[in-house]
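Q: just to be clear, the model below is a prediction. Sequence and coordinates:
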Amino acid sequence: MATASVRTLCAFSRPFFPLLSCRWGNFCNLVPRTHLRGSGRAYGTGGTGFRPRLWVGVPLRGGGRALRCAFLVGGGLGLCYTLRSSFQRQLAEQKCDEQNNQLKLTLYQYKTCPFCSKVRAFLDYHGLPYEIVEVNPIMRQEIKWSEYRKVPVVVLNGTVQINDSSVIISALKTYLISREKTISQIIVCYPELRSKNEKGKEVIEYSNKYWLMLTENESENLYPEKDSRKEEMKWRQWADDWLVHLISPNVYRTPSEALASFDYIVHEGKFGFLEGIFAKYMGASAMYFISKRLKYRHNLQDDVRQDLYKAVNQWVSAIGKKRKFMGGSQPNLADLAVYGVLRVMEGLQAFEDMMENTKVKTWYQSMEKAIQLHEGKM
């Protein structure tokens, strides 16, 4: 794909740079016949009689003229190549921006939802423009059109719906790398599976959701290191299956923390005045007790902070001392997933305690910077 693009650009640029197709014998005809004898004006210099030192020791007849001609030709070639390279780069960047702008993305979310935060981290890192629709968590009128009643949901160009945070990220990443496939062609590779849990409630899952649908060459370019693809998938799943379940028990650990958490949720979410008051006090009380049940369900310690610290330090140890991110010099999808989950605790006591009692701070700040600067823009 990249090779074809370069060929197209080179073919397109030829009419703008006819000098490159000239033969050597024709170059002299393009050089002004300027005479440098006596007190005449030197070519490309200042006033009468001024001559650059470059020409002082050079004979002004015969071979000197050829040398000057070669010098000017070389400079002209260099300028042409520079201009052509700049033109190609600008055209490629413009083409990339146009392709990205064709993605009209609408994200239906709860701002404080860790799964929604994962998707925002991905979109922001890759510099993809998107519109946010904040969903009222009580009435959910904003997604009444959808049979799938959870968030996040992404709608592409007003027609294609993608559900589940990991499917959204995998499908969009595949699209960014493999432009020959449409989103509709990609999402069929993540089929929906319906089943019932032990309580008889219907559960929806998606196959292959941590897998990118790439060709062998695309995979080798994206994952040059051995086992880096497996590592990314492992930690993306870890973020969904383990890390995310540590958030609620930690942010609702005590009555005061539960109240502070719901104060933040109401402030950032979409609530009416009475809904906000109800959600803040009743929600905080309910989640305080629910968090206790979650602690036992997931076999957490009495001090749930210790489980959070252990998990975060486990993540930092997996990155190691030689890598800035798990993806190396740039974040991969596992980095974005873990960052997105942890970010929802910002401003709360659990986040401050995590920063103070684990080794995650350097990585977290590097992630924050990479996302703010859209360093993954393709």
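A: Ah, there it is. Residues are numbered from 1 along each chain as shown.
Q: residue ranges of the helices in the stretch 251-378 of the chain, please?
A: 255-268, 273-278, 284-297, 304-319, 333-343, 349-357, 361-372 (DSSP state H, counting those that start in this stretch).
Q: list the buried residues for the second one?
A: Within helix 273-278, the residues that qualify as buried are 275, 276, counting by 16 or more other C-beta atoms under 10 Å. C-beta: built from backbone N, CA, C; applies to glycine.
Q: cool, and the third one?
A: For helix 284-297, the neighbour count (16+ other C-beta under 10 Å) marks 284, 287, 288, 290, 291, 294, 295 as buried.
Q: check the fourth one too.
A: Buried positions in helix 304-319, judged by neighbour count with 16+ other C-beta under 10 Å: 304, 305, 307, 308, 309, 311, 312, 315, 316, 319.
Q: which residues does the second one contact?
A: Under the criterion of C-beta atoms under 8 Å, 6 or more residues apart in numbering, the neighbours of residue 305 are 250, 253, 350, 353, 357.
Q: check these and tell me the two furthest apart.
A: Farthest apart among the contacts of residue 305 by C-beta to C-beta are 253 and 357. That separation is 14.2 Å.
Q: when those two are compared, which one has more neighbours?
A: More crowded of residue 253 and residue 357, by other C-beta atoms under 10 Å: residue 253, with 22 against 14.
Q: of the contacts of residue 305, closest to residue 226?
A: residue 357 (33.9 Å).
Q: quick check: chain neighbours aside, which residue is closest to residue 155?
A: Using C-beta to C-beta, 6 or more residues apart in numbering and skipping the chain neighbours, the partner closest in space to residue 155 is residue 106 (4.6 Å).
Q: what's the helix or strand where that neighbour lies packed up against?
A: Using DSSP states H and E, residue 106 maps to strand 105-109. Helices and strands touching strand 105-109, by 3 or more C-beta pairs under 8 Å, 6 or more residues apart in numbering; DSSP states H and E, are helix 114-125, strand 130-134, strand 153-156.
Q: which residue packs closest to residue 295, ignoring adjacent ones?
A: For residue 295, the spatially nearest residue (C-beta to C-beta, 6+ apart) is residue 249, at 4.9 Å.
Q: which secondary structure elements does the host helix or strand of the one you found sit against?
A: For residue 249, the element it lies in under DSSP H and E is helix 247-251. Counting contacts by 3+ C-beta pairs under 8 Å, 6+ apart, helix 247-251 is packed against helix 255-268, helix 284-297, helix 304-319, helix 349-357.
Q: tell me the angle of the second one relative to helix 304-319?
A: Okay, so that is helix 284-297. 60 degrees (axes from the mean of the first three to the mean of the last three C-alpha atoms, to 10 degrees).
Q: give me the contact list for helix 284-297.
A: Residues contacting helix 284-297 (C-beta under 8 Å, 6+ apart): 245, 248-249, 252-255, 258-259, 261-262, 300, 302, 304.
Q: coming back round to it: JSON lines please, covering the contacts of residue 305 and showing distance to residue 241 and pLDDT.
A: Listed next are the contacts of residue 305 as JSON lines, based on distance: C-beta to C-beta, whole Å; pLDDT from 0 to 100:
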{"residue": "250", "distance to residue 241": "17", "pLDDT": "97"}
{"residue": "253", "distance to residue 241": "21", "pLDDT": "96"}
{"residue": "350", "distance to residue 241": "20", "pLDDT": "97"}
{"residue": "353", "distance to residue 241": "23", "pLDDT": "98"}
{"residue": "357", "distance to residue 241": "23", "pLDDT": "98"}
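Q: specify which member of those residues is nearest to residue 129.
A: Distances from residue 129 to these, taken by C-beta to C-beta, are shortest for residue 350, at 31.9 Å.
Q: quick one: the residue lying closest to the closest one once chain neighbours are set aside and residue 107, what's the gap?
A: Leaving out its chain neighbours, the residue that sits closest to residue 350 by C-beta to C-beta, 6+ apart is residue 250, at 4.2 Å. According to C-beta to C-beta, to the nearest Å, residue 250 and residue 107 sit 26 Å apart.
Q: who's more crowded, the two?
A: residue 250 (24 against 20).
Q: how near is that one to residue 367?
A: Residue 250 is 20 Å from residue 367, by C-beta to C-beta.
Q: in JSON lines: the contacts of residue 305, plus distance to residue 179.
A: Formatted as JSON lines, the contacts of residue 305 follow (distance: C-beta to C-beta, whole Å):
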{"residue": "250", "distance to residue 179": "41"}
{"residue": "253", "distance to residue 179": "46"}
{"residue": "350", "distance to residue 179": "41"}
{"residue": "353", "distance to residue 179": "44"}
{"residue": "357", "distance to residue 179": "44"}
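Q: my guess is residue 178 meets residue 214, correct?
A: Yes. When contacts are counted by C-beta atoms under 8 Å, residue 178 is listed as touching residue 214 (6.0 Å).
Q: list the contacts for residue 133?
A: Counting by C-beta under 8 Å, 6+ apart, residue 133 touches 106, 107, 108, 109, 142.
Q: what's the burial count for the third one?
A: Right, residue 108. For residue 108, using other C-beta under 10 Å, the count is 24.
Q: so what's the nearest residue to it once chain neighbours are set aside bridging to?
A: Leaving aside its chain neighbours, residue 108 sits nearest to residue 153 (4.3 Å; criterion: C-beta to C-beta, 6+ apart). Beta-bridge partners of residue 153, counted by DSSP bridges, are residue 108, residue 163.
Q: pull the contacting residues for residue 153.
A: So residue 153 contacts 107, 108, 143, 146, 161, 162, 163 (C-beta under 8 Å, 6+ apart).
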